[in-house]
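*Asks:* mind folding the following:
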Amino acid sequence: MKLYIKYMVSLRCKMIVKEELNKLGLHFIIVDLGMVEILEDISNEQREQLKKNLLKSGLELLDDKKSILIEKIKNVIIEMIHYSEALPKVNYSDYISEKLDYDYTYLANTFSEVKGITIQQFIIMHKIERVKELLLYEELNLTEISFQLHYSSVAHLSNQFKKITGLTPSYYKKLKQKRKRNLEDL
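*Replies:* Prediction:
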């Protein structure tokens, strides 16, 4: 039996879910971002208890099909941008459509209707978050980051970064370095 969980976007979330399943005596096959597959059927009492326990940790057990689909879309995007070694070589629309086995137009329309933003805007926001992470690690320069995240150019990355954050990537990096120095002076 598969269960879908909202806001489950990190390894820490996976650990929380595993712990809650163990408390209820439920045996899991897979615990993945946004989805859990358990061996047995879950009783209504167990479902309610799991729902209550997950809420305490900021996670939400999903029931309706639209919410489940939105979470699946979000999790494919988050996994693709934050946890993959390399972004797919195909269009994101093709990748998402193939991963979820749905027509992309249907996915895009449903996502926009529920979230109020497009899938493309969601992808851009997460790519910019990834750029911020990579800038802070200081292992890659902006050209390398641009290449890794499939931007057509450093200028394109910089323009998108400024549009989302209000800052240039270099100014953002300087702010973080300045904040780090100030913390070291304490």
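
*Asks:* low-confidence regions, the chain specifically.
*Replies:* 179-186 (pLDDT under 70).

*Asks:* can I see the domain layout of it?
*Replies:* Following automatic domain parsing, the chain resolves into domains at 1-63, 121-184.

*Asks:* next, format those as CSV and append mean neighbour count and distance to residue 86.
*Replies:* C-beta here means a position set from N, CA and C on the backbone, and glycine is covered the same way. What follows is these, written out as CSV (neighbours: other C-beta atoms under 10 Å; distance: least, C-beta to C-beta, whole Å):
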stretch, mean neighbour count, distance to residue 86
domain 1-63, 16, 18
domain 121-184, 15, 7
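
*Asks:* mind putting the ones you listed in JSON lines, distance to residue 85 included?
*Replies:* Output for those, formatted as JSON lines (distance: least, C-beta to C-beta, whole Å):
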{"stretch": "domain 1-63", "distance to residue 85": "16"}
{"stretch": "domain 121-184", "distance to residue 85": "9"}
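
*Asks:* figure out which of those is closest to residue 101.
*Replies:* Residue 101 sits nearest to domain 1-63 of all those, at 14.2 Å, using C-beta to C-beta.

*Asks:* span of that closest one from start to end?
*Replies:* Domain 1-63 has an end-to-end distance of 13 Å (criterion: C-alpha to C-alpha, to the nearest Å).

*Asks:* which stretch among the domains of the chain comes nearest residue 97?
*Replies:* domain 121-184 (13.5 Å).

*Asks:* show me how far that closest one is from its chain's centre.
*Replies:* Put simply, domain 121-184 sits 17 Å off its chain's centre (C-alpha atoms, centre = their mean, to the nearest Å).
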